[in-house]
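**Student:** sequence unknown, structure follows:
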């Protein structure tokens, strides 16, 4: 008689032992770090302040949601174009405090939009919300979110130079070894090691990068031991209000997709562990949006950019089956800590982009796959003409807009429309129009 092995993984209300806890938290931090820092570099915000705001907003989000929703809060790419239009920032150049302050005001007001949306969702319940945001919409948006990042992962993994049109062989070596290591660790390792594939894959890639000359230690040597993040206060601005606040509406489907994905994977693990109760994460969409909004307000009060719940971190949780909110709390505390310690922050930043994006070839793909899994789990009928129309339009606008136009901004009658947000809004409206007067719609399980 064979002895059944215990199921590996941690549910939101379960806490790993201290050593595992620290390792899992570091893994979540590494996954979040590159994208969050990139947003700061693109928008002209201060890097240390952005990292601090990310950690603090995550702690506040987990507090508001009472540890029921395992999500990590990082800087959002959806707001980049609007913020850059206000700050006029060039990559790596810090914007003037006065312009950052105005952008902060717009971000704070967008936070109130999310809070109001969360209250409305809580008031009307999931049955009404699923009519507006069915799995055909949220699953497609998840596909677009993951797919829109494919180009970034590939070009960075290749060390691609857009001017010369050439790649770097050393970057290819490091990224491919990182990718292969991460997949091998994810598929073939067992026990606690199986829950650390991204951390282990990045470590292997980092070691390989050393003799290839891809690691630059100069920032670590030159950094101050102790740094204080640069804080600014928001300044009321009508321009910032008009430019930034409406984007919050378009990010609601993204948050919905993330929540539905989490619900799917957490409850699958709960079934494997033979838990007697369900984790009703999807039912907490209203609370999630409220937490999102408060996170934006808190982050921006200290000078951080607008944020979102990170798909990269969700993918990491899905791969490792570690959904413990305690892990995310510790990761958030680590982020706050390194924002004050120059050498630690600088050292994490020495991880080559090729290594991070070698792992992201896997992670971004998982985000897209989660969208497919969501539609399968909700029994979306892809032979239904209405669903086909909605899914097709979302995919083409979201992915076509992301890859076809500079910065993923679609030129439209003198306006610049962000591809993902536009795909989400049009998908929602198209679904509502095509569903008008329709009877006997199959209810999702």
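**Tutor:** In hand now; what should we look at? Small disclaimer: the values here were computed from a predicted structure and weren't measured.

**Student:** where along the stretch 51-200 of the chain do the strands fall?
**Tutor:** Ranges of strands in the stretch 51-200 of the chain, per DSSP state E, counting those that start in this stretch, are 73-75.

**Student:** can you list the weak-confidence ranges in it?
**Tutor:** Scanning the stretch 51-200 of the chain for pLDDT under 70 picks out the ranges 77-78, 81, 90-92, 126-127, 191-192.

**Student:** same thing but 80
**Tutor:** The model of the stretch 51-200 of the chain has pLDDT under 80 over residues 76-82, 84-86, 88-93, 124-133, 142, 145-146, 149, 152, 162, 190-196.

**Student:** need the helices for it, in chain order.
**Tutor:** 80-87, 97-132, 135-148, 150-158, 169-188, 197-212 (DSSP state H, counting those that start in this stretch).

**Student:** so who does the most centrally placed residue in the chain touch?
**Tutor:** The structure's the chain has its C-alpha centroid closest to residue 310; by CA atoms, centre = their mean the separation is 1.9 Å. Residues counted as contacts of residue 310 (CB atoms under 8 Å, 6 or more residues apart in numbering) are 31, 32, 35, 71, 72, 73, 74. To be clear about C-beta, it is placed using only N, CA and C from the backbone, and glycine gets the same treatment.

**Student:** tell me how far it lies from residue 393.
**Tutor:** Using CB to CB, to the nearest Å, residue 310 is found at 26 Å from residue 393.

**Student:** what's the helix or strand encompassing residue 430 in contact with?
**Tutor:** Element membership for residue 430, per DSSP states H and E: helix 419-435. The set of residues external to helix 419-435 that reach it, using CB under 8 Å, 6+ apart, is 78, 131-134, 136-137, 140-141, 144-145, 148, 247, 249-254, 386, 389-390, 393-395, 397-402, 405, 408-410, 441.

**Student:** which stretches of the stretch 201-350 of the chain have low pLDDT?
**Tutor:** For the stretch 201-350 of the chain (pLDDT under 80), the answer is 223, 242-257, 276, 311, 344-346, 348-349.

**Student:** tell me where it has helices.
**Tutor:** Remark: helices assigned in the stretch 201-350 of the chain by DSSP H, counting those that start in this stretch are 218-222, 238-244, 247-272, 285-301, 311-320, 325-338, 342-348.

**Student:** what is the neighbour count of the residue nearest to residue 177 when sequence neighbours are not counted?
**Tutor:** Spatially, and ignoring its direct neighbours in sequence, residue 177 is nearest to residue 208 (5.1 Å; CB to CB, 6 or more residues apart in numbering). Residue 208: 22 surrounding residues under other CB atoms under 10 Å.

**Student:** ok, residue 208 to residue 111 distance?
**Tutor:** Using CB to CB, one obtains 42 Å as the distance from residue 208 to residue 111.

**Student:** my read: residue 86 touches residue 103, true?
**Tutor:** Yes - here residue 86 reaches residue 103: they are 5.1 Å apart, a contact under CB atoms under 8 Å.

**Student:** okay, those two: which has more neighbours?
**Tutor:** Between residue 86 and residue 103, residue 103 has the larger neighbour count (other CB under 10 Å), namely 33 against 22.

**Student:** residues touching that one, list them.
**Tutor:** Neighbour list for residue 103: 43, 83, 86, 87, 95, 240, 244, 305 [criterion: CB under 8 Å, 6+ apart].

**Student:** now, of the helices of the stretch 51-200 of the chain, which is deepest in the fold?
**Tutor:** Per-stretch averages of neighbours, counted by mean count of other CB atoms under 10 Å, single out helix 135-148 among the helices of the stretch 51-200 of the chain, with a mean of 26.

**Student:** next, the angle from that one to helix 247-272.
**Tutor:** Angle, helix 135-148 to helix 247-272, by axes from the mean of the first three to the mean of the last three CA atoms, to 10 degrees: 100 degrees.

**Student:** which residues touch helix 135-148?
**Tutor:** In contact with helix 135-148 (CB under 8 Å, 6+ apart) are residues 253-254, 256-258, 260-261, 311, 364-372, 374-375, 377-378, 380, 387, 390-391, 394-395, 398-399, 402-403, 408, 419-420, 423-424, 427-428, 431, 444.

**Student:** got the angle between it and helix 419-435?
**Tutor:** 160 degrees.

**Student:** and helix 135-148, how far out from the chain middle?
**Tutor:** In this view, helix 135-148 has its centroid 13 Å away from the chain centroid, taken as CA atoms, centre = their mean, to the nearest Å.

**Student:** and it with helix 311-320, angle?
**Tutor:** Put simply, helix 135-148 runs at 100 degrees to helix 311-320, going by the same axes, to 10 degrees.

**Student:** OK, contacts around the nearest residue to residue 342 once chain neighbours are set aside?
**Tutor:** Nearest residue to residue 342, sequence neighbours excluded (CB to CB, 6+ apart): residue 223, at 3.6 Å. If you count contacts by CB under 8 Å, 6+ apart, residue 223 has them with 342, 343, 345, 346.

**Student:** my read: the second one touches residue 222, true?
**Tutor:** Read that as residue 343. No - under the criterion of CB under 8 Å, residue 343 makes no contact with residue 222, lying 9.6 Å away.
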